[in-house]
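J.: no sequence for this one, just the structure:
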């Protein structure tokens, strides 16, 4: 059975959440599934994109932006999050500032068996780092970005939002 | 090669109100030279990532000159940052590299391709607006005033005399220094920054 369009996660919903929460910068390494989100972010005059070379950079760049009074979000894939372990430790958790990280959940499936080790280790990694997270699979879940912001600001810690719909909702169809 | 303390003394008169960040063994010499501690910022905390954090801060405060004294060991761990910085073209960003060709803090082992690698060449080809390289204090001193008038991102590679530490870690004497959190708090007060 085909998915209904209304059940998908639309990039426009993420943009609305970013604006609602005063986001100023997106520090990111795009992946093919977030192509349309990237285009949409580029069109927003209130949002500056900081393209990075490697995911570990994104958490350090975000710290610098936060220290300077801006509101960054790190948008990366789960594989890059795992590459960023030392940076997440030293530049996000230890720094004691709020940070929301939007993590593409490569390999995630609600139905069937997860075969991609990138997905298998994603939540294990977050547990090990003591980072709380929320799963976002459709437009109905988009408000979890606001929940993550509230929690990050209340605790001055990073909070993750796992994007579990990367194979459908971000494509321009 | 020249001494990092001498280099900092030559830089200091041309600092003006710049915000200064340092990394590495050589960076410790800045503490003795700085005349404006309120504008000294520490964003160390993860391997090779101080340069990324300095970029983030420079992007957040485009009207403030931001000067990073990076180390080559740190840069080698995060070489992609050259492209990231060049791509964002921060006009207020000055990236100095203290290259002592070794990991001084772990006993002086050479960094990869220590004597042949060309950091200024890499920064130039990555797209920095201006790049310079110095291996002696006299030339550095003669040029630092004009360098600080350049439009960024600027990259300055400098050959530094290594100050190698061979004492076991437990026996090393460290001068007290302000914590990262303290430097952030003081600088935010200085610049009137509030975290949303």
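T.: Structure's in. What do you need? These numbers come from a predicted model, not from an experiment. Numbers count the residues shown, from 1 in each chain, chains lettered A, B, ... in the order given.
J.: pretty sure residue B:20 is touching residue B:39, no?
T.: Yes. Using CB atoms under 8 Å, residue B:20 is in contact with residue B:39, at 6.6 Å. Glycine gets a C-beta too; all of them are placed from N, C-alpha and C.
J.: between these two, who's got more neighbours?
T.: Neighbour totals were compared for residue B:20 and residue B:39, and residue B:20 leads with 25 against 22 (other CB atoms under 10 Å in any protein chain shown).
J.: what is residue A:160 paired to in the beta sheet?
T.: Beta-bridge partners for residue A:160, by DSSP bridges, are residue A:101, residue A:133.
J.: separation between it and residue B:163?
T.: 41 Å (CB to CB, to the nearest Å).
J.: the more surrounded of those two?
T.: Neighbour totals were compared for residue A:160 and residue B:163, and residue A:160 leads with 27 against 17 (other CB under 10 Å).
J.: the worst-scoring helix or strand of chain A on mean pLDDT packs against which elements?
T.: Least confident element among the helices and strands of chain A, by mean pLDDT, DSSP states H and E: helix A:35-42 (a mean of 86). The elements that helix A:35-42 packs onto, with contact taken as 3 or more CB pairs under 8 Å, 6 or more residues apart in numbering or on different chains; DSSP states H and E, are helix A:11-20, strand A:48-51.
J.: okay if I get these as a markdown table plus distance to residue B:147 and mean pLDDT?
T.: Shown next, in a markdown table, are those (distance: least, CB to CB, whole Å; pLDDT from 0 to 100):
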| stretch | distance to residue B:147 | mean pLDDT |
| --- | --- | --- |
| helix A:11-20 | 38 | 94 |
| strand A:48-51 | 25 | 98 |
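J.: just tell me which of the ones you listed ends up closest to residue A:113.
T.: Using CB to CB as the measure, helix A:11-20 is the one of these that comes nearest residue A:113, at 28.2 Å.
J.: show me what counts as buried in the closest one.
T.: A:11, A:13-18 (16 or more other CB atoms under 10 Å in any protein chain shown).
J.: what's the offset of the next helix or strand after it from the middle of its chain?
T.: Reading on from helix A:11-20 to the C-terminus, the next helix or strand found by DSSP states H and E is strand A:25-28. Computed by CA atoms, centre = their mean, to the nearest Å, the chain-centroid distance of strand A:25-28 equals 10 Å.
J.: equivalent analysis for stretch A:49-66, please.
T.: The chain centre lies 13 Å from the centre of stretch A:49-66; the measure is CA atoms, centre = their mean.
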